[in-house]
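Student: let me see the structure of the following:
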Amino acid sequence: MPVALIALVAFIATIVTWNVVVKRNMAEAMILGFLVTLAFAGFNAPEYAVTAVVEASENQVLYAAVAFVFMTHFVERTGVIDRLIAILSSLFGKLPGGPAIVDTLASGAMGAVAGGSNTGNAASSGSITGPWMVRTGWKRSRAATVIAGNAGLGTALPPSASMVIMIGFAGTLVTTSEVYLALLVAGIYQFVFRMGLIGWFVKRDKITAASGPELLPWRTAMKRGGSSTLIFLGAIIPIAISVGPLADVLKASPVLSEAMGSISLIVWIPVLIMFFAALVAWKDLPRSPRGWWELITSGAPKFYTIVALLFFAVVASEVLAELGLAEDVDNLLSGVDIPLWLLVTFIGLLIVLVAGPLSSTATLTAVGQVSLFTLIAAGIDPLLAVIAILVFASTEGASPPASGAIFVASGLTGAKPESTFVPLIIYYVVPFFALGVLIALGIVPVPGG
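Tutor: Below is the predicted model of the structure:
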């Protein structure tokens, strides 16, 4: 009897019901999901619980995810993102469809340096570009579709909490550097597709060049916020010394080789991005202990939720592993003879459907591990499996009807949320679902795959 698989189904059903039907937060849902999973251990439940809690407490991924959450909060509160958007607006705002181009670039920039949620991504970039698009001739429904569709770049581009979770599930099967570079390339594919889509919308809807108060002269925008581009060094420096020619030279040094092996991208990227954000926004930082306390505690709700969510997700995963989830998946696949492409398609559909009502982070904590095990057991390269799963999960922002990004985008543009459902599925969900399948099968290349 596949106890672990049954426990997994119960785990998913519990968190979806508690979050979607009962409408309580994901942290509570994950705690209940863990307790339900633990019940399947029977008399071994106390032992499994202690072991799982100890393993989770020592899990570097948990601490890295919290660092990413604080990094996102810090970058947003210091106003660095607003300065980047002003620069992008000055460069591209006067082009036909300029506000949509700026939204895509801003969403990509936020995904690359802030790794925030898709809903937060839509709110941050769309608060400026949404009304701007409507004023310059975009239909409200189209503008909302673009903003919600672009929100997925928060997960599609590294770093992100979703990436950290999947690295944790993969363990020693992949390295952080491999996942970062491969996901970056997969994210660039998504970014290029979105830019092409905007060009098509502009031509189809006869959108003209934009104007408005958002368009600062480039020199003015650079004078006010040019230093904000330094935060990209927070990601570039750790990557440069971990992968590539410079990394090879450093690793060859007898003095540095051992230290190089201990560098963790998921630790140093958020630390360095916050460091450069602090340099850029030095004048705007709090000048008193009370000010710093307010800055930190203002993000407390996010921290409480993500810590509880990830901690109990990791604990539940440990229990599922003890129950024999990997063995159950192997046994299930050994008795099923279906083409590899069909299996990948099925896994992708599962993730996309779960990502509809849940966030990408919650989706991967729920089904990321079993999806990864299934793809690897079927012969998919572990790195390609991780990247494909992350691409599938990045459809969260565009998945109707329950995606928060859709309602945020609709509120910012005055559109009816239901008017975006079909366009989002056609223009964003289906293409990126297909991209995930092609990456898993090795048809669309990513580094290391």
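Student: from the contact counts, what lies against whichever strand or helix holds T220?
Tutor: In this assignment (DSSP states H and E), T220 forms part of helix 218-225. Packing partners of helix 218-225 (3 or more Cβ pairs under 8 Å, 6 or more residues apart in numbering; DSSP states H and E): helix 80-92. (Each C-beta comes from the backbone N, C-alpha and C, glycine too.)
Student: for the helix or strand that comes right after the helix it packs on, give the mean pLDDT please.
Tutor: Next along the chain after helix 80-92, taking DSSP H and E as the criterion, comes helix 98-113. Averaging pLDDT along helix 98-113 yields 82.
Student: what of stretch 41-51?
Tutor: For stretch 41-51, the mean pLDDT works out to 90.
Student: before we move on, what about stretch 398-411?
Tutor: Computed over stretch 398-411, the average pLDDT equals 80.
Student: and it, how far out from the chain middle?
Tutor: Put simply, stretch 398-411 sits 16 Å off its chain's centre (Cα atoms, centre = their mean, to the nearest Å).
Student: show me the contacts for the closest residue to V446 other than its chain neighbours.
Tutor: Spatially, and ignoring its direct neighbours in sequence, V446 is nearest to A182 (4.1 Å; Cβ to Cβ, 6 or more residues apart in numbering). Contact analysis of A182 by Cβ atoms under 8 Å, 6 or more residues apart in numbering lists 383-384, 386-387, 446-449.
Student: pLDDT score for G244?
Tutor: If you check G244, the pLDDT there is 66.
Student: sorry, that was for L310
Tutor: L310 is assigned a predicted lDDT (pLDDT) of 72.
Student: which SS state does it fall under?
Tutor: helix (DSSP: H, G, I helix; E, B strand; the rest coil).
Student: what is the burial count for it?
Tutor: L310: 28 surrounding residues under other Cβ atoms under 10 Å.
Student: what helix or strand is the residue nearest the centre of the chain on?
Tutor: Centroid-nearest residue in the chain, with Cα atoms, centre = their mean: T155, separated by 2.2 Å. Element membership for T155, per DSSP H and E: helix 153-156.
Student: any idea of the mean pLDDT for the helix or strand just after that helix?
Tutor: Using DSSP H and E, the helix or strand that follows helix 153-156 in sequence is helix 161-170. What helix 161-170 shows for mean pLDDT is 84.
Student: can you tell me how far K283 is from S227?
Tutor: The gap separating K283 from S227 is 11 Å, by Cβ to Cβ, to the nearest Å.
Student: so how far is the first residue of stretch 205-224 from its last?
Tutor: 34 Å (Cα to Cα, to the nearest Å).
Student: one step back: tell me who's in contact with the residue nearest to the centre of the chain.
Tutor: For T155, the contact set (Cβ under 8 Å, 6+ apart) comprises 111, 118, 162, 360, 390, 393-394, 396-397.
Student: ditto for F432
Tutor: Counted by Cβ under 8 Å, 6+ apart, F432 has contacts 152, 156, 190, 193, 391-392, 394-395, 398.
Student: tell me the confidence at it?
Tutor: Per-residue confidence (pLDDT) for F432: 96.
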